[in-house]
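Asks: Here is a sequence together with a model predicted from it:
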Amino acid sequence: MERSEVMELFAIIVMKAEEPYVRSLSAQIESELKLLHIVESGLFVHYALFETHASLHIEALIEEKNVPAIRKEVSQCLADALAEHIMVDKEYAILRNLIMKEFKYEGKEDVEAIESYCKQSLHTETVMEEASLLNSGISGRLRRKQVLSDQLVLALEETSRLSLDGFLKFRLQDYTDELREIAEYAIDEFMMDRQYQEFISLLQYFVYIQEAKIPVAHLIHKGGHEFVILNDRLELIDANEFDASFKLEVLEKDINFEDMIVSTLITVSPANIYIHTRDPEMTIIKTIRQIFEDRTTVCSYCRTCDIYLGEAKHQDQLSP
């Protein structure tokens with residue numbers, strides 16, 4: 001009868017790694033391997049530190065003839081553990097590298113802003129992952145993990161000694177393509193936000209240098225996209241009675257209801273704007289407050305609100 005011996009199934013090589021990192025990776029792999037019950041005496045993970053690298057060894061007490069079969073079963077589990085590790089520990093670094101080297105963003109503030117959009121996207125994926133599973137779908141995160149895991153299984157079939165750094169450098173094309181799409185989306189969002197902020201700054205400047213033409217404007221938000229602008233006598237304001245050059249020059253292209261409201265308010269240039277709404281967090285209302293700053297007062301409970309919006313269930317805030 002053949003004796004069981006401690007046999008090495010796989011070795012993972014990591015270059016220039018500190019002990020806390022290696023210890024953490026070793027624990028992650030060991031935790032994943034515990035889910036397997038294919039070896040009665042268990043699977044073992046230990047590591048060794050060297051000046052230039054570290055090595056993690058996955059071993060089992062088995063007969064030599066069983067090594068190929070056990071190795072095949074362990075490879076999928078090991079691949080899943082390494083895929084999760086790469087996503088948790090390396091994904092942001094890979095994204096940053098794409099942003100800086102491929103998309104040529106070098107400024108610290110720009111890179112951090114784009115990274116924040118990437119993180120929002122990745123966080124949303126994590127939140128939606130459970131829902132995707134319930135709906136028999138697959139989230140972006142699960143898809144990327146599957147891509148990584150499949151590539152790792154192939155690599156482990158080719159060699160039982162895997163260089164993690166080499167894998168990250170040469171075997172990540174499909175995974176990197178997925179991350180590139182996230183980076184591209186983040187850059188689009190970053191550029192749109194930058195253009196929006198530049199446009200808001202332009203409007204703020206225009207409001208600042210323009211003299212007030214009327215004392216008061218009441219912006220009535222009836223709900224949804226329905227707004228009415230009234231003067232201090234609660235009469236409809238006719239923007240055509242005022243200089244409309246700003247509207248024609250700045251807001252003519254791709255005009256929408258938000259542009260119309262902002263354009264009208266800038267055209268009539270009120271000294272004070274009272275915003276009557278039950279939804280003060282609506283984007284257009286926050287935009288108006290940002291543009292007109294201390295000229296605005298948000299109100300959700302006053303006589304004017306009662307007339308145009310109906311009675312509120314409780315008193316929230318009074319307009320002067």
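Replies: Happy to help now that I have it.
Asks: so residue 218 sits in a strand?
Replies: Yes - according to DSSP: H, G, I helix; E, B strand; the rest coil, residue 218 belongs to a strand.
Asks: hang on, isn't it packed against residue 233?
Replies: No - if you go by Cβ atoms under 8 Å, residue 218 and residue 233 don't touch, sitting 9.8 Å apart. Bear in mind the C-beta positions are built from the backbone N, C-alpha and C, glycine included.
Asks: In terms of neighbours, single out the busier of those two.
Replies: Using other Cβ atoms under 10 Å as the criterion, residue 218 and residue 233 rank with residue 218 on top: 25 against 7.
Asks: From residue 268, how far off is the spatially closest residue to the more buried one that is not a sequence neighbour?
Replies: Nearest residue to residue 218 in three dimensions, chain neighbours excluded: residue 230, at 4.3 Å (Cβ to Cβ, 6 or more residues apart in numbering). To residue 268, residue 230 is 11 Å away according to Cβ to Cβ, to the nearest Å.
Asks: likewise residue 261?
Replies: 11 Å.
Asks: list the residues that contact both of these two?
Replies: residue 229 (Cβ atoms under 8 Å, 6 or more residues apart in numbering).
Asks: Regarding the spatially closest residue to residue 176 that is not a sequence neighbour, what is its secondary structure?
Replies: Counting by Cβ to Cβ, 6+ apart, residue 176 lies nearest to residue 94, which is 6.8 Å off, once chain neighbours are set aside. When classified by three-state DSSP, residue 94 comes out as helix.
Asks: Number of residues surrounding the residue nearest to residue 218?
Replies: 18.
Asks: and it, bridged to which residues?
Replies: residue 218, residue 236 (DSSP bridges).
Asks: Identify all contacting residues around the host helix or strand of residue 152.
Replies: Assessed by DSSP states H and E, residue 152 sits inside helix 140-158. Contacts to helix 140-158, defined as Cβ under 8 Å, 6+ apart, come from residues 10, 75-76, 78-80, 82-84, 86-87, 122, 125-126, 129, 132-133, 138, 162, 167, 171-172, 174-175, 178-179, 182.
Asks: what residues do residue 230 and residue 268 have in common as contacts?
Replies: Joint contacts of residue 230 and residue 268 (Cβ under 8 Å, 6+ apart) are 217, 237.
Asks: Report the strands that pair with the helix or strand following the helix holding residue 152, each with its relative direction.
Replies: Scanning forward in sequence from helix 140-158 by DSSP H and E, the next helix or strand is strand 161-163. Under the criterion DSSP bridges, strand 161-163 sits next to strand 5-15 (parallel) in its sheet.
Asks: Would you mind writing the CA trace of the one helix or strand residue 266 maps to as PDB?
Replies: Residue 266 belongs to helix 257-268 when assigned by DSSP H and E. What follows is helix 257-268, C-alpha atoms only, in PDB (Å, rounded to 0.1, in the frame of the first residue of the first chain):
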ATOM      1  CA  PHE A 257     -37.200  73.000 -19.300                       C
ATOM      2  CA  GLU A 258     -34.300  73.500 -16.800                       C
ATOM      3  CA  ASP A 259     -32.500  75.800 -19.300                       C
ATOM      4  CA  MET A 260     -35.800  77.800 -19.800                       C
ATOM      5  CA  ILE A 261     -36.200  78.400 -16.100                       C
ATOM      6  CA  VAL A 262     -32.600  79.400 -15.500                       C
ATOM      7  CA  SER A 263     -32.700  81.600 -18.700                       C
ATOM      8  CA  THR A 264     -35.900  83.300 -17.600                       C
ATOM      9  CA  LEU A 265     -34.600  84.000 -14.100                       C
ATOM     10  CA  ILE A 266     -31.300  85.400 -15.400                       C
ATOM     11  CA  THR A 267     -33.100  87.500 -18.000                       C
ATOM     12  CA  VAL A 268     -35.500  89.100 -15.500                       C
END
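Asks: Counting by contacts, list what it packs against.
Replies: helix 173-209, strand 214-223, strand 226-230, helix 245-250, helix 283-292 (3 or more Cβ pairs under 8 Å, 6 or more residues apart in numbering; DSSP states H and E).
Asks: Residue 11 is in contact with residue 71, correct?
Replies: No - counting by Cβ under 8 Å, residue 11 is not a contact partner of residue 71; they are 11.8 Å apart.
Asks: quick one: which of these two has more around it?
Replies: Remark: of residue 71 and residue 11, residue 71 carries more neighbours, 20 against 17, as counted by other Cβ under 10 Å.
Asks: what's the pLDDT at the residue nearest to that one when sequence neighbours are not counted?
Replies: Spatially, and ignoring its direct neighbours in sequence, residue 71 is nearest to residue 9 (4.9 Å; Cβ to Cβ, 6+ apart). Looking at residue 9, its pLDDT is 93.
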